[in-house]
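>>> Whatever this is, show me its structure:
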Amino acid sequence: MSNILAFDLGASSGRAIHGKLNNGRIEIEELHRFPNDPVQVGKRLHWDILRLYHEIKQGLLKAKHKGIDLASIGIDSWAVDFGLIASDGSLLGNPYNYRDSLYDGVMERVQEELGADYIFSRTGIQFLPFNTIYQLSAHRENGTAAMQSAEQFLMIPDLLRYFLTGEKYNEFSNATTTQLYNPLTQKWDEELLKKLGLTPSWFGEVLQPGAPAGQLQQTVQEELGLGPIPVYAVAEHDTASAVVAVPAIERSFAYLSCGTWSLLGTEIDQPIMNEEARQLNFTNEGGYGNTYRLLKNIMGLWIIQECRREWERAGQAFTFPELVKLAEEATSFSAFIDPDDAAFLAPGDMPARVCEYCQRTNQPVPQKPGEIVRCVLESLAFKYRYVLELTERLSGQSFNGLHMVGGGIHNHLLCEWTANAIGKPVWAGPAEGSAIGNLAVQWIAQGEFKDIWEARRAIRESFPIAIYEPEQGDRWEEGYAQFLRITGLA
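Residues are numbered from 1 along each chain as shown. The predicted structure is shown next:
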């Protein structure tokens with residue numbers, strides 16, 4: 001058996017997943033799960049990066065206490081956020097959270113200065129207000145102290161890997177999300193960095209997924225009582241890892257990585273960086289094996305998570321299954337939102353924002369939690385159809401259905417309604433897609449699988465896949481037309 005460990009960090013929680021291969025079948029076990037809550041300090045919103053590092057060490061200890069002899073470790077996380085390292089190797093402050101208000105309006109100023117077409121032609125990346133390019137520009141504009149002393153830029157999984165190994169590398173799939181990496185030259189874009197007033201030497205070497213990236217350094221070995229366990233650069237953007245785990249049979253497939261964020265797209269060999277892709281605001285993020293993920297970010301279950309937090313603050317505590325049941329009982333197609341409206345990006349009173357959106361678009365305003373959740377879930381299903389059709393148009397492909405992976409597949413209503421909305425089957429699974437993709441890249445690097453397609457076949461044979469067939473086609477076609485009209489996406 002080959003025992004390895006995947007640390008999979010999402011924007012709301014993290015987990016340590018033990019993976020083992022047993023006669024070609026993959027078995028996984030969650031050893032450790034922990035919250036990942038942003039911390040507000042004054043006006044600023046940060047990640048508690050040292051707590052995350054502590055939890056990673058707890059995951060390693062739990063593996064040790066269970067007698068698991070680890071062959072390797074990999075870390076994946078959400079994208080765009082970063083830490084800055086000083087010349088003495090120390091971290092310069094807590095990393096900022098991508099939802100921090102410091103970044104408000106910066107994307108528009110940078111676009112005005114450099115031109116959106118110029119930025120897209122060099123990076124192929126979707127314009128989102130929290131992309132790393134705008135975060136760094138905001139810190140430069142505001143004279144953030146860390147910018148004055150920085151020697152090295154490391155994204156979140158690379159920073160945590162640095163704490164473990166002492167080695168400083170960035171990784172391809174995550175580097176591309178910064179909107180500072182040029183996929184045509186396969187390097188950090190020095191011209192763009194210089195135009196932004198950023199120092200190219202900060203950004204360093206970029207490793208491909210599957211590359212060795214050091215081993216546990218001596219201090220960590222001594223602290224935890226472990227040996228020099230190898231650490232790999234996996235597909236470190238969690239969506240890239242999730243795409244590795246898509247149990248596709250055909251080379252042409254569409255996927256939806258569904259969790260706090262929803263990311264829908266397809267896997268392609270070369271980035272699509274034409275004017276239509278820019279106008280549609282699609283992105284070309286790096287994937288395993290020098291592939292690209294032609295996709296679009298959709299706000300995702302973040303809206304429901306924030307609603308639940310707000311109701312809990314008001315004394316109404318709901319579990320997610322309870323909210324799904326209430327949504328199922330609510331009236332269908334009574335109101336819609338565009339999940340990607342800017343109103344839903346920042347933390348806050350999300351139920352009020354959903355109601356405000358419905359009010360300003362002259363719709364019935366949902367009153368009860370079930371009505372709000374139904375509005376959000378139906379809107380997500382329709383937004384998935386909208387983006388799926390754009391993906392087909394841009395890529396020149398036609399997809400027979402949609403692979404859904406990630407924790408969002410536990411929401412059976414969302415899976416059912418997505419199948420109804422797209423009028424095609426939805427294949428849901430595996431739920432722990434990012435962690436499984438993380439494990440798969442490590443095993444490919446070790447020669448346990450010969451390539452990604454052998455790994456995907458093993459994933460398909462190792463984990464249950466739920467199939468959702470579309471129903472009530474006419475009603476959902478009418479609902480989709482209504483959604484397009486109300487949101488202005490028609």
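
>>> Contacts only, for Val373.
Going by Cβ atoms under 8 Å, 6 or more residues apart in numbering, Val373 touches Ile304, Cys307, Leu323, Val324, Leu326, Ala327, Ala330. In short, each C-beta sits where N, CA and C put it, glycine included.

>>> Take those and write them to CSV, including distance to Asp48, secondary structure and pLDDT.
Formatted as CSV, the contacts of Val373 follow (distance: Cβ to Cβ, whole Å; DSSP: H, G, I helix; E, B strand; the rest coil; pLDDT from 0 to 100):
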residue, distance to Asp48, secondary structure, pLDDT
Ile304, 23, helix, 97
Cys307, 24, helix, 98
Leu323, 27, helix, 98
Val324, 30, helix, 97
Leu326, 32, helix, 98
Ala327, 32, helix, 98
Ala330, 36, coil, 98
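
>>> In terms of distance to Tyr384, which of those residues ranks first?
For the contacts of Val373, the closest approach to Tyr384 (Cβ to Cβ) belongs to Ile304, at 14.9 Å.

>>> Out of the contacts of Val373, flag the one nearest to Gln40.
Using Cβ to Cβ, Cys307 is the member of the contacts of Val373 that sits closest to Gln40, with 19.1 Å.

>>> so who does the closest one touch?
So Cys307 contacts Leu323, Met350, Pro351, Val354, Pro369, Ile372, Val373, Val376 (Cβ under 8 Å, 6+ apart).

>>> Of the residues you listed, which belong to strands?
Cross-referencing the contacts of Cys307 against strands under DSSP state E gives no overlap.

>>> Narrow those residues to just the buried residues.
Leu323, Met350, Pro351, Val354, Pro369, Ile372, Val373, Val376 (16 or more other Cβ atoms under 10 Å).

>>> wait, isn't the third one in contact with Trp311?
It stands for Pro351. Yes. Counting by Cβ atoms under 8 Å, Trp311 is a contact partner of Pro351 at 7.0 Å.

>>> picking that back up, will you turn the contacts of Cys307 into JSON lines that also has distance to His54?
Formatted as JSON lines, these follow (distance: Cβ to Cβ, whole Å):
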{"residue": "Leu323", "distance to His54": "31"}
{"residue": "Met350", "distance to His54": "30"}
{"residue": "Pro351", "distance to His54": "34"}
{"residue": "Val354", "distance to His54": "36"}
{"residue": "Pro369", "distance to His54": "35"}
{"residue": "Ile372", "distance to His54": "36"}
{"residue": "Val373", "distance to His54": "34"}
{"residue": "Val376", "distance to His54": "34"}
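
>>> care to break the protein down by domain?
According to automatic domain parsing, the chain comprises the domains 2-238, 246-429+449-490.

>>> Point out the one among the ones you listed that comes closest to Val441.
Nearest of the domains of the chain (Cβ to Cβ): domain 2-238, 4.3 Å.

>>> Could you check how far that closest one is from the centre of its chain?
12 Å (Cα atoms, centre = their mean, to the nearest Å).

>>> For my notes, confirm Lys424 occurs in a strand.
No. Lys424 is assigned coil when assessed by DSSP: H, G, I helix; E, B strand; the rest coil, not a strand.

>>> For stretch 280-289, output the C-alpha coordinates as PDB.
In PDB, the C-alpha atoms belonging to stretch 280-289 read as follows (Å, rounded to 0.1, in the frame of the first residue of the first chain):
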ATOM      1  CA  LEU A 280     -17.400  36.900 -21.900                       C
ATOM      2  CA  ASN A 281     -14.900  37.300 -19.000                       C
ATOM      3  CA  PHE A 282     -13.700  33.700 -19.100                       C
ATOM      4  CA  THR A 283     -10.400  32.600 -17.600                       C
ATOM      5  CA  ASN A 284      -7.600  30.200 -18.600                       C
ATOM      6  CA  GLU A 285      -6.100  28.800 -15.400                       C
ATOM      7  CA  GLY A 286      -3.400  26.300 -15.300                       C
ATOM      8  CA  GLY A 287      -4.000  22.600 -14.800                       C
ATOM      9  CA  TYR A 288      -2.200  19.300 -14.400                       C
ATOM     10  CA  GLY A 289       0.100  18.300 -17.300                       C
END
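
>>> Show the average pLDDT along it.
The average pLDDT within stretch 280-289 is 97.

>>> what's the answer for stretch 131-140, then?
Stretch 131-140 comes out at a mean pLDDT of 98.

>>> do the same with stretch 268-276
Mean predicted confidence for stretch 268-276 is 97.

>>> follow-up on the earlier one: from the contacts of Val373, which is closest to Asn420?
Out of those, the member with the shortest distance to Asn420 (by Cβ to Cβ) is Ala327, at 14.2 Å.

>>> Name the nearest residue to Ile298, sequence neighbours excluded.
Spatially, and ignoring its direct neighbours in sequence, Ile298 is nearest to Ser262 (4.0 Å; Cβ to Cβ, 6 or more residues apart in numbering).

>>> contacting residues for the closest residue to Glu378 other than its chain neighbours?
Once flanking residues are discounted, Glu378 sits nearest to Trp417: 6.1 Å by Cβ to Cβ, 6+ apart. By Cβ under 8 Å, 6+ apart, Trp417 lies in contact with Leu377, Glu378, Ala381.

>>> again with Met155
Per Cβ under 8 Å, 6+ apart, neighbours of Met155: Ser77, Ala79, Val80, Asp81, Phe82, Thr132, Asn170, Glu171, Asn174, Ala175, Thr178, Glu236.

>>> ok, back up a step: could you check how far the residue nearest to Ile298 is from Trp302?
For Ser262, the distance to Trp302 (Cβ to Cβ, to the nearest Å) stands at 9 Å.

>>> of these two, who's got more company?
Between Ser262 and Trp302, counted using other Cβ atoms under 10 Å, the more crowded position is Ser262 (28 against 22).

>>> Can I get the buried part of the contacts of Val373 as one PyMOL selection?
Buried subset of these, written as a PyMOL selection, criterion 16+ other Cβ under 10 Å:
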select buried, resi 304+307+323+324+326+327+330
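
>>> Can you lay out the contacts of Met155 as a markdown table showing neighbour count, distance to Ala428 and secondary structure?
Shown next, in a markdown table, are the contacts of Met155 (neighbours: other Cβ atoms under 10 Å; distance: Cβ to Cβ, whole Å; DSSP: H, G, I helix; E, B strand; the rest coil):
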| residue | neighbour count | distance to Ala428 | secondary structure |
| --- | --- | --- | --- |
| Ser77 | 26 | 23 | strand |
| Ala79 | 30 | 23 | coil |
| Val80 | 19 | 27 | coil |
| Asp81 | 24 | 29 | coil |
| Phe82 | 22 | 33 | strand |
| Thr132 | 22 | 31 | helix |
| Asn170 | 25 | 33 | strand |
| Glu171 | 30 | 28 | strand |
| Asn174 | 33 | 26 | helix |
| Ala175 | 27 | 30 | helix |
| Thr178 | 24 | 31 | coil |
| Glu236 | 33 | 25 | coil |
